[in-house]
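Engineer: This is a predicted model, with the sequence first.
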Amino acid sequence: MSDHTSTQSFAFGSKKINYELSFQERKTLGIRVYPDCQVKVIAPFDTTDEKLKNKLREKAPWIIKQQLDFLSYHPLTPPRKFISGETHLYLGRQYKLRIENAEFNEVKLIRGRLLVFKNGRTSPKTLIANWYREKAIIHFDDTLKKVLPLFVKHSISSPELLIRNMSTRWGSCTPKGKVILNPELIKAAKGSIEYVIVHELCHLIHHNHTRAFYELQGSIMPDWKKWKERLDESV
């Protein structure tokens with residue numbers, strides 16, 4: 001177990017890299033970058049400041065590359081005004097928005113249209129966001145249950161699934177095994193949603209984008225590149 005943990009940072013060019021430093025009874029200095037871009041450094045008790053700084057400077061390009069890899073897929077959908085006539089995505093298809101005043105609040109998909117019935121006190125943006133979140137909870141959970149058996153030989157238990165708004169990420173996972181998905185992902189095609197979930201499950205086994213990570217992802221989902229490209233281009 002670590003004797004002491006602290007938050008540190010160092011500059012590499014114009015970039016500031018934050019990291020969590022802990023000391024352990026070990027022989028080598030280890031650096032890990034997690035899917036949430038957090039950097040953790042574990043050093044032997046007798047590590048000098050100079051040796052630590054030299055190692056961090058040496059590994060800085062690799063750390064930055066890992067962080068950029070984790071951030072390589074991000075939402076691209078331009079801001080919506082939530083007015084009748086504009087289009088909104090759902091599961092990879094475009095639906096034309098139609099807003100109608102009503103005595104009740106309800107969102108429906110009917111014949112290629114996204115119909116929003118609203119009373120005077122609620123904004124269409126809020127109603128649509130709540131609708132997306134409700135659909136995301138159901139579909140993401142179903143997709144997770146669908147792909148989880150593909151990881152059976154890797155002995156990972158069913159992870160806790162969290163829905164969280166993220167400005168630059170479709171998904172992430174925590175060191176404790178929670179999978180976090182952006183509700184905006186519900187706008188993507190089903191295959192792209194499956195790709196993101198498979199991607200995060202692979203990170204529960206391989207934390208970094210190593211060759212082993214990509215080999216595992218390819219064995220689970222051979223056509224993942226197609227669905228990643230579609231996600232990058234359409235949402």
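Structural biologist: All right, it came through fine. Numbers count the residues shown, from 1 in each chain.
Engineer: Quick one: the strands in the chain, in order.
Structural biologist: Counting by DSSP state E, one finds strands in the chain at the ranges 5-12, 15-24, 30-33, 39-44, 87-90, 93-101, 106-110, 113-118, 161-163, 171-173, 179-181.
Engineer: nearest to I205, of those?
Structural biologist: Closest approach to I205 among the strands of the chain (C-beta to C-beta): strand 171-173, 10.4 Å. C-beta here means a position set from N, CA and C on the backbone, and glycine is covered the same way.
Engineer: which outside residues touch that closest one?
Structural biologist: 35-36, 70, 159, 166, 179-182, 185, 196-197, 199-201, 203-204 (C-beta atoms under 8 Å, 6 or more residues apart in numbering).
Engineer: cutoff 6 Å now
Structural biologist: Strand 171-173 is contacted from outside by P35, D36, V179, I180, L181, V196, E200, H203, L204, using C-beta atoms under 6 Å, 6 or more residues apart in numbering.
Engineer: got it, and stretch 50-69?
Structural biologist: Residues contacting stretch 50-69 (C-beta under 6 Å, 6+ apart): F10, F12, L29, I31, V33, C37, V39, N208, H209.
Engineer: rerun that using 10 Å as the cut-off
Structural biologist: 8-13, 15, 17, 19, 21, 28-39, 41, 43-44, 47-48, 207-210, 213 (C-beta atoms under 10 Å, 6 or more residues apart in numbering).
Engineer: Can you turn the buried part of those into a PyMOL selection?
Structural biologist: Remark: buried members of the contacts of stretch 50-69, expressed as a PyMOL selection using 16 or more other C-beta atoms under 10 Å:
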select buried, resi 17+19+21+29+31+32+33+34+35+37+38+39+41+43+47+207+208+209+213
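Engineer: So which of the strands of the chain is nearest W224?
Structural biologist: Judged by C-beta to C-beta, the one of the strands of the chain that comes nearest to W224 is strand 171-173, at 13.4 Å.
Engineer: my read: G177 touches E160, true?
Structural biologist: Yes - contact criterion C-beta atoms under 10 Å: G177 and E160 qualify, at 7.3 Å.
Engineer: The two: which is more packed in?
Structural biologist: Using other C-beta atoms under 10 Å, the more surrounded residue of G177 and E160 is G177, with 14 against 11.
Engineer: Now do the contacts for that one.
Structural biologist: G177 neighbours (C-beta under 10 Å, 6+ apart): I156, S157, S158, P159, E160, L201, H203, L204.
Engineer: One more pass at 7 Å, please.
Structural biologist: P159, L204 (C-beta atoms under 7 Å, 6 or more residues apart in numbering).
Engineer: Against W227, how distant is it?
Structural biologist: 24 Å (C-beta to C-beta, to the nearest Å).
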